[in-house]
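Colleague: The sequence isn't on hand, but the structure is:
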């Protein structure tokens, strides 16, 4: 879209984003599968892979 139009970027806004894992499990080690939106997954996948048995 921006490649086809003459636009000028004049500023930026930073927005803090926090992600949470919600579950009925009492321990994070009991979680075995996580469903996530592709964008939130991309932002969190490094932190989630430390729990090796979780299927992402």
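Modeller: Looks like it arrived, so ask away. Quick caveat, the model's predicted, so the values are computed rather than measured. Residues are numbered from 1 along each chain as shown.
Colleague: quick one, what contacts the residue most central in space within the chain?
Modeller: For the chain, the residue nearest the mean C-alpha position is residue 40 (2.1 Å; CA atoms, centre = their mean). Applying CB atoms under 8 Å, 6 or more residues apart in numbering, we find residue 40 in contact with residue 19. To be clear about C-beta, it is placed using only N, CA and C from the backbone, and glycine gets the same treatment.
Colleague: neighbours of the residue lying closest to residue 25 once chain neighbours are set aside, just the number please.
Modeller: Spatial nearest neighbour of residue 25, chain neighbours left out: residue 31 (5.3 Å); criterion: CB to CB, 6 or more residues apart in numbering. By the criterion of other CB atoms under 10 Å, residue 31 has 16 neighbours.
Colleague: Was I right to think residue 31 contacts residue 48?
Modeller: No: counting by CB atoms under 8 Å, residue 31 does not reach residue 48; the two are 9.6 Å apart.
Colleague: do you know how far residue 27 is from residue 21?
Modeller: 12 Å (CB to CB, to the nearest Å).
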